[in-house]
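Trainee: Sequence and predicted structure, then a few things I'm wondering about:
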Amino acid sequence: MRLVCATLLAILCAPAPVKAASAVTLVLQFDDTYSVKSLNAMKREVNLIVGESGITVDWRLLGDVRSSESFESLVVVRFRGACIMQPVPYLMDERGYYAFTHISDGNVLPFSEVECDKVTSSIRPAMSKAQWRQRDSILGRALGRVLAHELYHMLTKTQHHADEGVTKSSLSAAQLIADKLSMTRADLEKLRK
């Protein structure tokens with residue numbers, strides 16, 4: 001009887017098997033110019049935020065995708081406007097969204113659009129002189145957070161927003177460029193599923 005109890009206790013106390021990390025192929029389409037440095041910073045930020053859920057991202061540019069390829073989990077993101085921080089500020093209406101994910105008949109689709117001009121015009125006044133010297137990396141961080149937000153919607157197929165973290169319904173310029181911004185544990189758990 002002791003052996004049975006010890007075996008049962010060992011089974012119950014053993015760590016749960018870890019599921020293999022899920023992978024998603026993220027295809028990026030840029031309508032205008034973009035900074036490679038910003039693109040790399042955006043990738044780092046998305047991998048940092050979404051990676052906590054165990055999901056790995058395979059980054060692809062639309063021009064590099066061959067028609068013969070197939071993907072198990074595919075997300076397409078279109079970047080509108082110039083994804084580059086110009087040294088001279090320009091005027092623009094800052095109202096509106098940074099990005100949106102397409103929805104049809106209440107279903108969240110794996111297609112999103114990021115408004116680079118809105119992001120750059122929003123973060124510009126919030127940047128310090130030190131951050132301005134690293135403007136491409138700061139822009140990439142901001143774009144990464146916007147993209148992680150939209151990826152959450154696409155991968156969980158939900159329109160839900162959290163009360164805090166990167167999946168809030170709106171993010172301030174200061175939150176977009178802060179040293180760290182992550183997802184809530186509940187949102188990370190939804191991504192894991």
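Mentor: Good, I have the coordinates. Numbers count the residues shown, from 1 in each chain.

Trainee: next helix or strand past the helix ranked longest in the chain?
Mentor: With DSSP state H setting the assignment, residue counts place helix 135-156 as the longest helix in the chain. Sequence-wise, the next helix or strand downstream of helix 135-156 (DSSP states H and E) is helix 173-177.

Trainee: Flag every buried residue along that next one.
Mentor: 173, 175-177 (16 or more other C-beta atoms under 10 Å). (Glycine included, C-beta is placed from N, CA and C.)

Trainee: what sits up against the following helix or strand past it?
Mentor: Remark: after helix 173-177, the chain's next helix or strand is helix 185-192, criterion DSSP H and E. Helix 185-192 is touched from outside by 19, 50, 52-55, 152, 155-156, 158, 162, 165, 167, 183, with contacts defined as C-beta atoms under 8 Å, 6 or more residues apart in numbering.

Trainee: again, only this time at 7 Å
Mentor: 50, 52-55, 152, 155-156, 162, 165, 167 (C-beta atoms under 7 Å, 6 or more residues apart in numbering).

Trainee: Lowest mean pLDDT among the helices and strands of this structure, which one is it?
Mentor: Among the helices and strands of the chain, helix 2-13 carries the lowest confidence by mean pLDDT, DSSP states H and E, at a mean of 32.

Trainee: Quick one: name whatever helix or strand follows it.
Mentor: Next along the chain after helix 2-13, with elements defined by DSSP H and E, is strand 23-30.

Trainee: Strand partners (parallel or antiparallel) of that next one?
Mentor: Strands flanking strand 23-30 in the sheet, each with its direction: strand 56-61 (parallel), strand 74-80 (parallel) (DSSP bridges).

Trainee: circling back: if you count contacts, what does the longest helix of the chain end up packed against?
Mentor: Counting contacts by 3 or more C-beta pairs under 7 Å, 6 or more residues apart in numbering; DSSP states H and E, helix 135-156 packs against helix 36-51, strand 74-80, strand 99-104, strand 107-115, helix 116-123, helix 173-177, helix 185-192.

Trainee: Distance-wise, check Gly140 relative to Ser169.
Mentor: When C-beta to C-beta, to the nearest Å is applied, the distance between Gly140 and Ser169 equals 23 Å.

Trainee: So which of those two has more stuff around it?
Mentor: When Gly140 and Ser169 are compared for neighbours, Gly140 comes out ahead with 27 against 10, by other C-beta atoms under 10 Å.

Trainee: my read: that one touches Val36, true?
Mentor: No. Checked against C-beta atoms under 7 Å, the pair Gly140 and Val36 is beyond contact range at 9.6 Å.

Trainee: tell me the contacts of the residue most central in space within the chain?
Mentor: Centroid check for the chain by C-alpha atoms, centre = their mean gives Ala148 as the closest residue, at 1.4 Å. Each residue near Ala148 by C-beta under 7 Å, 6+ apart is listed here: 45-46, 49-50, 166.

Trainee: Mind doing that once more with 10 Å?
Mentor: Applying C-beta atoms under 10 Å, 6 or more residues apart in numbering, one finds that Ala148 lies in contact with 42, 45-51, 57, 165-167, 181-183, 191.
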